[in-house]
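> I would like the atomic coordinates for the input below:
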Amino acid sequence: MNVIVSNKNQLLLENLGVDVIKEMNGEFEVDEIIAAFQNFFYQRMILDITAIKNYTDIVNLQKLSISLNMEKIILLLDGTDATSNPAFISNLVSMGIYNFTKNIEGIQYLYNTPNTYRDVAQFHRLDATFGNAAMANSQPIVAAPVVEMAPQPEFYGTRVIGVKNITKQSGASSLVYMMKNELSKHYSVVAIEVDKTDFTYFKDKSLISTVTSEVGSIINKHKDKNVIIVDINNSLVAEGFCQDVLYLIEPSIIKLQKLITLNATALQGLKDKKIILNQSLLSSSEVANFEYEARVKVYYNLVPLNERDKKIPELNKLLVKLGFAKQQSEI
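Have a look, this model is predicted:
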């Protein structure tokens, strides 16, 4: 689900044709917008720049970029010289604001194909030749793969992690269950599965099963937790709510062959993603061969785990790599 913050372009954005979970209309201090959405989970925010008081002051946009995830925000500019000049656009790029446009066509394009720095690097200089004609183009800049940042040793606030099977039945539900149990020793955690009811087999009443249409509300209901782990299944909506997604591949010959038979380019779409070889018995040299042949990078090679174990050192190593406290590995 999405949020819309509008002002002068309210009528334009009402006809955008996307699912909306929350709307704000009017002119707001940037701190008001941050307070409303800093701990609110959504897929995309369509932000009318005229809804920000004193939006021509780049400091206000800088505050926004520090406090909100700009990868999820599409900024609708007002088409004036103040927001279309090269210096202003270069400052947007400097702050990590890559998804900006002047028209409804641009919003619709960026909604499905968000920009990365590679797409807007051409504007990242004050002397760039950039005029209104360029911004008026209804075709926004073409996107490129996102480059993952190295995990941090600690995190603050709520973190939403998705787990998704790439090869069929690769153990996402079990891994979510085990992650939830391990992390619960040090954090407040909730686990959610979307569009399935596999959690019922674990006999754990704290596990939540929901459907795509309700997942946004469920996540927002639990935003007081440190960690929310989502078994995505095939829900693109659920995937959009996640800050991190672990893509599970069981590297057995039969499962990989079935995957490639059904979709010859399945692995190509995973470049720069967090790929987990789950229930894997591959050696380090075999993992290297897999990476070479598949043209992808493996984030972690995870051996088969026992769901009944009270201590799972290999899982703890993965959690540490994901940025959780190091004492997890000492459990």
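> need the helices for the stretch 151-300 of the chain, in chain order.
Assigned by DSSP state H, counting those that start in this stretch, the stretch 151-300 of the chain shows helices spanning 172-183, 212-221, 236-241, 253-262, 284-294.
> next, the one residue sitting closest to the centre of the chain: phi, psi?
In the chain, the centroid-proximal residue (Cα atoms, centre = their mean) is Q243; its distance is 3.9 Å. Here is the backbone geometry of Q243 (degrees, to the nearest 10): phi -80, psi -30.
> so it touches R159, yeah?
Yes. Q243 is within contact range of R159, at 6.0 Å (criterion: Cβ atoms under 8 Å). For the C-beta atoms, the positions are set from N, CA and C on the backbone; glycine is no exception.
> could you identify which of the helices of the stretch 151-300 of the chain is most buried?
helix 172-183 (a mean of 22; mean count of other Cβ atoms under 10 Å).
> just the CA trace of stretch 190-200, in PDB.
What follows is stretch 190-200 as a C-alpha-only set of coordinates in PDB (Å, rounded to 0.1, in the frame of the first residue of the first chain):
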ATOM      1  CA  VAL A 190       7.000 -10.800  15.300                       C
ATOM      2  CA  ALA A 191       6.800 -13.200  12.300                       C
ATOM      3  CA  ILE A 192       4.200 -12.900   9.500                       C
ATOM      4  CA  GLU A 193       3.400 -15.100   6.600                       C
ATOM      5  CA  VAL A 194       1.500 -13.800   3.600                       C
ATOM      6  CA  ASP A 195      -1.200 -15.700   1.600                       C
ATOM      7  CA  LYS A 196      -0.400 -19.100   3.200                       C
ATOM      8  CA  THR A 197      -1.100 -20.900   6.500                       C
ATOM      9  CA  ASP A 198       2.100 -23.000   6.900                       C
ATOM     10  CA  PHE A 199       2.700 -21.400  10.300                       C
ATOM     11  CA  THR A 200      -0.200 -23.400  11.800                       C
END
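> hmm, who's touching that stretch?
173, 176-177, 179-180, 206-212, 215, 218-219, 222, 225, 227-235, 238 (Cβ atoms under 8 Å, 6 or more residues apart in numbering).
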